[in-house]
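Undergrad: okay, sequence plus prediction incoming.
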Amino acid sequence: DQQVKQNSPSLSVQEGRISILNCDYTNSMFDYFLWYKKYPAEGPTFLISISSIKDKNEDGRFTVFLNKSAKHLSLHIVPSQPGDSAVYFCAASVTGGGADGLTFGKGTHLIIQP
Amino acid sequence: DSGVTQTPKHLITATGQRVTLRCSPRSGDLSVYWYQQSLDQGLQFLIQYYNGEERAKGNILERFSAQQFPDLHSELNLSSLELGDSALYFCASSVEAFGSSPLHFGNGTRLTVT
């Protein structure tokens, strides 16, 4: 039972364009959502988060959008740069008492083409 | 550099053996989490400790155990190892226990069981 789903295993985008990574979740108790970036041979690195009381959060080139009714979130990267090529994980948690830590999707491999 | 240190980086051992993975959290973080990433799988939550006490348990096998010491470092013990235990094991830390702040990951220990 996968509670956090990233349906695109990979995504290829041209340098300078917008990258949009998508994530769906099934557990309506999730109220805190995060995106992580992972390079080979390294641990996941925290990118950006959003609480369920918001529908958008921005940090530089990264924006996360949350649509609670659709149980969907997305990460927008604009403009995309070669260093953005990595695996991106969506994660979610139930704050204040969740017993499962962060629940992760399986990741989307983003490839930025020059 | 996330500030989370995991040792060793690589471990190769035989079936039936026991190993210990070690994690030092970021300075000031009281929570330690352990995750397993198998081939083609996302990050699976194993267990969480907060200030020395077990706080949450995920999909952790009975052959696996963990503890957090007074200096806040943590160890994950894997015993009676099977081929299927081969995976990347990540440790993460956060400042609080309740899932409302990002986790910061170490670079993982790659365990190979032969």
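TA: The structure has been received and is ready for your questions. Please read all numbers here as calculations on a predicted model, not as lab measurements. Numbers count the residues shown, from 1 in each chain, chains lettered A, B, ... in the order given.
Undergrad: quickly note the distance from whatever residue of chain B ends up closest to chain A to residue B:73.
TA: Chain A sits closest to residue B:105 of chain B, with a gap of 3.4 Å, by Cβ to the nearest Cβ. Using the backbone N, CA and C atoms, a C-beta is placed for each residue, glycine as well. As defined by Cβ to Cβ, to the nearest Å, residue B:105 lies at a distance of 16 Å from residue B:73.
Undergrad: and for residue A:93?
TA: Taken as Cβ to Cβ, the span from residue A:93 to residue B:73 is 24 Å.
Undergrad: and those two? Which one has more around it.
TA: The residue with more neighbours, out of residue A:93 and residue B:73, is residue A:93; 25 against 15, by other Cβ atoms under 10 Å in any protein chain shown.
Undergrad: contacts only, for the residue nearest to the spatial centre of chain B.
TA: Nearest to the geometric centre of chain B sits residue B:34, at 3.1 Å (Cα atoms, centre = their mean). Going by Cβ atoms under 8 Å, 6 or more residues apart in numbering or on different chains, residue B:34 touches B:23, B:45-48, B:60, B:66, B:74, B:76, B:89-92.
Undergrad: which of the residues you listed tops the neighbour count?
TA: Each of these was scored for neighbours by other Cβ under 10 Å, and residue B:91 scores highest at 31 neighbours.
Undergrad: A strand includes it, no?
TA: Yes: Residue B:91 sits within a strand when classified using DSSP: H, G, I helix; E, B strand; the rest coil.
Undergrad: residues in a beta bridge with it, which ones?
TA: residue B:34 (DSSP bridges).
Undergrad: many thanks, have a good one.
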